[in-house]
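Chemist: I'll drop the sequence and a predicted model, then ask my questions.
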Amino acid sequence: MIHTPPSASPDASILGLGYLGRPLAQKLYENGSRVAAVKRSLTSDDINLPIHLDTLDLNQDNVFQSANLARDTSFWRQHADKPVWFCLLPPSSLTHYADTVKQWAELARACNVQHLIFTSSTSVYGDKARECDETSAPDPQTESARQILAAEQYLLDSGVPNIDILRLGGLYCAERHPVSRLVQKQNIPGGNRLVNIVHRDIAVETLFQTTLHPNGRRIRNIVEPQHPTRRDFYTAEATKLGLPPPNFAPDGTGDGKIVNTVSADGLSL
């Protein structure tokens with residue numbers, strides 16, 4: 001993907017200032033964007049952030065107000081003039097995930113937002129052992145994955161000119177690594193299953209670059225090209241972090257899906 005000079009970084013609104021949202025907001029700000037963000041509650045880390053920050057419980061009714069209010073005196077006024085909106089919320093954060101995303105997209109369209117960027121998940125492909133890319137049919141097996149897939153469709157049908165759906169693999173980084181929990185367990189099943197992972201830095205850079213190159217409606221899988229077994233990956237990661245190797249059960253077959261991407265820009269719709 002072509003890298004554009006920092007001056008091209010657009011203003012943005014971020015729904016979800018957490019694991020991905022905070023470093024993304026920092027990168028956008030450092031590259032000249034005016035950033036507004038929404039999170040559920042404030043912490044000490046939020047004091048004096050150089051962005052506009054609102055707090056809101058999205059599980060409340062009627063949190064997405066009309067376009068006229070959004071443009072004038074409503075909660076969303078600071079967001080309505082941003083051409084790019086991100087939704088970075090996991091399904092676990094919302095009682096009615098897909099419906100909330102739909103309302104958010106409807107508000108974006110009413111505010112004439114030009115570009116929506118949504119972090120989806122490779123879980124929409126299900127757990128069946130197969131090789132997947134963006135042309136593969138989704139096969140969600142959990143309620144969470146079904147909610148994510150429904151949210152994707154709401155976005156694609158929203159009428160906003162540019163839609164980017166990024167199906168992320170499992171996120172990891174040194175700051176908050178899944179292996180820290182695994183090493184506390186014994187006889188962990190599934191050690192020979194293949195992993196579809198992406199480092200947080202890669203995910204944040206991809207989100208940032210996506211703001212610079214809107215191009216209609218696209219779906220992209222964001223995963224690292226290597227697909228080691230869970231045992232090999234988490235053992236190597238534990239070594240990097242100075243942790244003992246996780247105790248995987250000796251049995252298990254080397255199955256699981258492999259998620260790849262058809263191109264750097266994914267699938268255009």
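Modeler: Received, thanks.

Chemist: next, the contact list for L182, please.
Modeler: Listed by CB atoms under 8 Å, 6 or more residues apart in numbering, the contact partners of L182 are 188, 234, 238, 246. Using the backbone N, CA and C atoms, a C-beta is placed for each residue, glycine as well.

Chemist: measure it to V204 for me?
Modeler: With distances taken as CB to CB, to the nearest Å, L182 is found 24 Å from V204.

Chemist: return the member of the contacts of L182 nearest to A137.
Modeler: Here the nearest of the contacts of L182 to A137, counting by CB to CB, is Y234; it sits at 29.6 Å.

Chemist: which one of the contacts of L182 is nearest E134?
Modeler: E134 lies nearest to Y234 out of these, by CB to CB, at 27.0 Å.

Chemist: before we move on, back to that, biggest separation within the contacts of L182, which pair?
Modeler: Maximum distance among these (CB to CB): 12.1 Å, for I188 and A238.

Chemist: now do the shared contacts for the two.
Modeler: 182, 246.

Chemist: quick check: which ranges of the stretch 51-200 of the chain have low pLDDT?
Modeler: 61-73 (pLDDT under 70).

Chemist: kindly recompute the last result at 90.
Modeler: 54-77, 92-95, 127, 174-176, 178, 181, 183, 188-190 (pLDDT under 90).

Chemist: which residue ranges form the strands in it?
Modeler: Assigned strands in the stretch 51-200 of the chain, in chain order: 52-55, 84-87, 115-121, 131-132, 162-168, 170-172, 197-199 (criterion: DSSP state E, counting those that start in this stretch).

Chemist: make a PyMOL selection of the buried ones in the contacts of L182.
Modeler: Listed next is the PyMOL selection for buried residues among those, using 16 or more other CB atoms under 10 Å:
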select buried, resi 188+234+238+246
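
Chemist: can I get the strands of the stretch 51-200 of the chain in JSON lines including mean neighbour count and distance to P250?
Modeler: Below are the strands of the stretch 51-200 of the chain laid out as JSON lines (neighbours: other CB atoms under 10 Å; distance: least, CB to CB, whole Å):
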{"stretch": "strand 52-55", "mean neighbour count": "16", "distance to P250": "48"}
{"stretch": "strand 84-87", "mean neighbour count": "25", "distance to P250": "41"}
{"stretch": "strand 115-121", "mean neighbour count": "24", "distance to P250": "30"}
{"stretch": "strand 131-132", "mean neighbour count": "17", "distance to P250": "26"}
{"stretch": "strand 162-168", "mean neighbour count": "24", "distance to P250": "31"}
{"stretch": "strand 170-172", "mean neighbour count": "18", "distance to P250": "23"}
{"stretch": "strand 197-199", "mean neighbour count": "19", "distance to P250": "23"}
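
Chemist: out of those, nearest to S9?
Modeler: Here strand 84-87 is closest among those (CB to CB), at 9.5 Å.

Chemist: the spatially most central residue of the chain - nearest residue in space that isn't next to it in sequence?
Modeler: Centroid-nearest residue in the chain: T119, 2.7 Å away (criterion: CA atoms, centre = their mean). In space, T119 comes closest to L88 once its chain neighbours are excluded; the distance is 5.1 Å by CB to CB, 6 or more residues apart in numbering.

Chemist: kind regards, and thank you for your time.
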